[in-house]
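**Q** coordinates only, no sequence provided:
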């Protein structure tokens, strides 16, 4: 066999009448007498392969037509049009070779979610998960391109840290050569240090949260896109967030329309998104909820049900700004005109999917930071390096963190966030 063509290129009108070779895995098969129809998949798509006994010989035909799904194969033949075939084309076999025969594949429809998660290393071959992972790859590619094009530099902050930035109760602790350390909950503190030499930075890293939340939007390990900007306030921070989300959605719609359609999302819905997104303050959110019969006292965070109520009928994301300082992290800047609240925001996805982004301007006053850290019971010695950032040329700055899996869940209309990552980590699952 000669060089191999991606199946997506073989399964096309431009290949009709040409002799091509493909390789991949058997997706499904059926045979009758001396004729076998074998659908083969690779990373780019599927194609129907039509094999005849007279072309392959008795032994070759038997071996090829009896190979079970997920057997790996190489096939050479001529591409022909056939309206009955997936995609409208088929490969009429001249040569076929089974590279490795598969045992009966243990994954099929109707199994419990737990069984499929126990066999995730095999379940990731499903068409839904493949489509989702391709969408996720485009989200990451697009986000990097957007930030690079806007003058941001990608950084590589540590995943091991002595600081529990978001609160020790939600941090995974470990023994680091006799010292207590944490798996990173965020790269933010390190990105703040990096704005002083570089001004505009971002990172895409793994973050860890020791939350025993068993909801459809929480993971204990997730992909965290974080951005930090020197000389930025709330206005600039909001505008950057919405521009990033719009660009990512447009890129996914343009580059992965087939995958979106397979997942139940029309690409046109993403292409219709445009900035600016609506902005409401936390207190306005409480008023909207009250009008729906949901009473939330000032000072309580918005939970899953409240975020769903605010967004279930929306087609575009919603900014909620100026949350109470008491429920936000120590580093968030108090609002000048009302120090009960902070210059920060959450970005809520439409259709009830919940929070995508958490963001704020950063506090620059050492006395305020020290007071908040002491109130939280932090070991001040571990934060002296962070306070140094305010001692040597501090500037107004702001940033945000976007949960990549949450964004993919909304874009791809996934029921559970674990469907957006190859090997999900939840409170009950750390294997495979």
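**A** Received the coordinates, thanks. The structure displayed is predicted, hence computed values, not measured ones.

**Q** residue ranges with poor pLDDT in this structure?
**A** 1-2, 165-169 (pLDDT under 70).

**Q** ok, then the element right after the strand of greatest length in it?
**A** When the chain is parsed with DSSP state E, its longest strand is strand 19-32. Later in the chain than strand 19-32, the nearest helix or strand by DSSP states H and E is strand 35-42.

**Q** quick revisit: remind me what the longest strand of the chain packs against, helices and strands.
**A** Secondary-structure packing of strand 19-32 (3 or more CB pairs under 8 Å, 6 or more residues apart in numbering; DSSP states H and E): helix 7-10, strand 35-42, helix 53-66, strand 72-81, strand 89-100. Where you see a C-beta, it was placed from the backbone N, CA and C, and this is true even at glycine.

**Q** and the ones you listed as CSV, adding mean neighbour count and distance to residue 347?
**A** Formatted as CSV, those follow (neighbours: other CB atoms under 10 Å; distance: least, CB to CB, whole Å):
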stretch, mean neighbour count, distance to residue 347
helix 7-10, 20, 35
strand 35-42, 20, 36
helix 53-66, 16, 52
strand 72-81, 18, 43
strand 89-100, 18, 43
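
**Q** possible to save these as a markdown table with distance to residue 270?
**A** Output for those, formatted as a markdown table (distance: least, CB to CB, whole Å):
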| stretch | distance to residue 270 |
| --- | --- |
| helix 7-10 | 22 |
| strand 35-42 | 26 |
| helix 53-66 | 41 |
| strand 72-81 | 32 |
| strand 89-100 | 29 |
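
**Q** so which of those is nearest residue 375?
**A** Nearest to residue 375, of all these, is strand 35-42, at 56.3 Å by CB to CB.

**Q** in its sheet, what does that closest one sit against?
**A** Partner strands and pairing direction for strand 35-42 (DSSP bridges) are strand 19-32 (antiparallel), strand 45-52 (antiparallel).

**Q** what residues of the longest strand of the chain count as buried?
**A** 20, 21, 22, 23, 24, 25, 26, 27, 29, 31 (16 or more other CB atoms under 10 Å).

**Q** residues contacting the last one?
**A** Under the criterion of CB atoms under 8 Å, 6 or more residues apart in numbering, the contact list for residue 31 reads 37, 65, 66.

**Q** apply 10 Å and report the result again.
**A** 37, 38, 51, 53, 61, 62, 64, 65, 66 (CB atoms under 10 Å, 6 or more residues apart in numbering).

**Q** now do the SS call for residue 295.
**A** coil (DSSP: H, G, I helix; E, B strand; the rest coil).

**Q** does it touch residue 309 like I think?
**A** No. Residue 295 lies out of contact with residue 309 (CB atoms under 10 Å); the separation is 11.8 Å.

**Q** could you check which of those two has the larger neighbour count?
**A** residue 309 (17 against 8; other CB atoms under 10 Å).

**Q** helix or strand right after the helix or strand hosting the more buried one?
**A** According to DSSP H and E, residue 309 maps onto helix 304-311. Remark: after helix 304-311, the chain's next helix or strand is strand 318-321, criterion DSSP H and E.

**Q** contact partners of the following helix or strand past that following strand?
**A** On the C-terminal side of strand 318-321, the closest following helix or strand by DSSP H and E is strand 334-335. The contact list for strand 334-335 (CB under 10 Å, 6+ apart) reads 234, 281, 321-323, 325, 328, 340-344, 361, 363, 365, 368, 372.

**Q** off-centre distance for strand 334-335?
**A** 31 Å (CA atoms, centre = their mean, to the nearest Å).

**Q** and this structure, what are its domains?
**A** Per automatic domain parsing, the structural domains of the chain span 7-100, 117-420.

**Q** do you know how far residue 363 is from residue 300?
**A** In this view, residue 363 and residue 300 are 22 Å apart by CB to CB, to the nearest Å.

**Q** and the two? Which one has more around it.
**A** Neighbour count, other CB under 10 Å: between residue 363 and residue 300, residue 363 has more, with 21 against 12.

**Q** quick one: residue 175 is in a strand?
**A** Yes. Per three-state DSSP, residue 175 lies within a strand segment.

**Q** how near is it to residue 100?
**A** In terms of CB to CB, residue 175 sits 43 Å off from residue 100.

**Q** and residue 162, by the same measure?
**A** Taking CB to CB, one finds residue 162 at 48 Å from residue 100.

**Q** one more: residue 351?
**A** With CB to CB as the criterion, residue 351 and residue 100 are 43 Å apart.

**Q** and residue 388, by the same measure?
**A** 58 Å.

**Q** repeat for residue 350
**A** 45 Å.

**Q** ok, now residue 256?
**A** From residue 256 over to residue 100 (counting by CB to CB), the distance is 30 Å.

**Q** now residue 21
**A** On the measure of CB to CB, residue 21 and residue 100 end up 18 Å apart.

**Q** likewise residue 270?
**A** 39 Å.

**Q** ok, now residue 141?
**A** Counting by CB to CB - residue 141 and residue 100 are separated by 32 Å.

**Q** noted, bye for now.
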